[in-house]
Each structure stands twice: as C-alpha cells, then as structure tokens.
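S.K.: when you get a sec, could you give me coordinates for this:
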Amino acid sequence: MVLAISFLEAPLKFRAPGVTLRLGLGIGRVVFAALNRVEVALLVVVAIALAVGPRTPVLIGMAVAVAVVLGVQLGLVRPALNRRSDRVLAGSDADVEAPRSRHHLVYIALEIVKVVLLGALGATALATIA
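M.R.: Alright, predicted model coming up:
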C-alpha cells in the first residue's frame, strides 16, 4: 500500500489531464488520511501478533522502528504539510508557486525508510514462523 500510494498514485495524479495542484492536493489529503488510518490499524495487528505469537528482539525492534517512523510522519511532518496545503487550498497563490517544502522531502525519506523496514519486518517474521 505504501509503495502504491506514496510512490505511484501521489506523483502520477499530477500528470493526469486537468488535475490542478489544488485538486491534486485535495485528493492526496483524502488518500493519505485513509492510508494512515489503515497503517495505524495494521500496526495494531502487528502488535497483537507479536504479543500472542512468536517474537524475537529483532522483530520487536523492527516493529518499534516502524511505529516510530509512522509516529514522526503523523505527529510532526504531516501537520506541517497540512498547514501548507491548507494555504494552497484556501487560494494562496504564493504557496502554489513555491517549490516543494523541506517537510515534503522529509516525508518522502521517511516513506523510503518505512518501506525498507516493512520489507525487513515481513521477511524476518516469515523466517521466524518457518
């Protein structure tokens, strides 16, 4: 889901005919809010699985790392991105013309870290139960 939304849907929607920055931001906010709700729910599932199933310190560490990355994204970076998109959606032309914010680049970097961690967590979990 993270790969599909963050690295495919998000950049591609701005290439679709007729999609303005404001429209793309509006769609992106809805899509990322839904993705983040699902991520939190799945993180709860991972925590439950670790509580009742086989676990190792490595699995727990990776799950905690994913939780930290998601927490930073939702608690620190997304609010800054939302403030900027609020201004764009309200019609601030200065924000429409401005380059990507540093927060956007931080969010992308955290998405990359999260994808790597999720892949490692999944592979380690499969190896643990095999």
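
S.K.: alpha carbons only for contacts and neighbour counts from here, please
M.R.: Will do.

S.K.: point out where the chain drops to low pLDDT.
M.R.: Counting by pLDDT under 70, the low-confidence segments of the chain come to 92-99.

S.K.: in it, which helix is the longest?
M.R.: helix 21-52 (DSSP state H).

S.K.: what's it packed up against?
M.R.: Judged by 3 or more C-alpha pairs under 8 Å, 6 or more residues apart in numbering; DSSP states H and E, helix 21-52 is in contact with helix 57-72, helix 78-89.

S.K.: okay, the angle between the last one and helix 21-52?
M.R.: Translated: helix 78-89. 160 degrees (axes from the mean of the first three to the mean of the last three C-alpha atoms, to 10 degrees).

S.K.: please point out which parts of helix 78-89 sit buried.
M.R.: 78, 80-81, 84-86, 88-89 (16 or more other C-alpha atoms under 10 Å).

S.K.: tell me the one of those residues nearest Ile112?
M.R.: Ile112 lies nearest to Arg78 out of the buried residues of helix 78-89, by C-alpha to C-alpha, at 15.6 Å.

S.K.: quick one on the thing from earlier: name the residues of the longest helix of the chain that are buried.
M.R.: By neighbour count with 16+ other C-alpha under 10 Å, helix 21-52 contains the buried residues 21-22, 24-25, 28, 32, 35, 39, 43, 46-47, 50.

S.K.: ok and it relative to helix 57-72, angle-wise?
M.R.: Going by the same axes, to 10 degrees, helix 21-52 makes 150 degrees with helix 57-72.

S.K.: what's near enough to touch the residue nearest the centre of the chain?
M.R.: Nearest residue to the geometric centre of the chain (C-alpha atoms, centre = their mean): Glu111, 5.5 Å. Listed by C-alpha atoms under 8 Å, 6 or more residues apart in numbering, the contact set of Glu111 reads 2, 6.

S.K.: give me that answer again for 7 Å
M.R.: Residues counted as contacts of Glu111 (C-alpha atoms under 7 Å, 6 or more residues apart in numbering): none.
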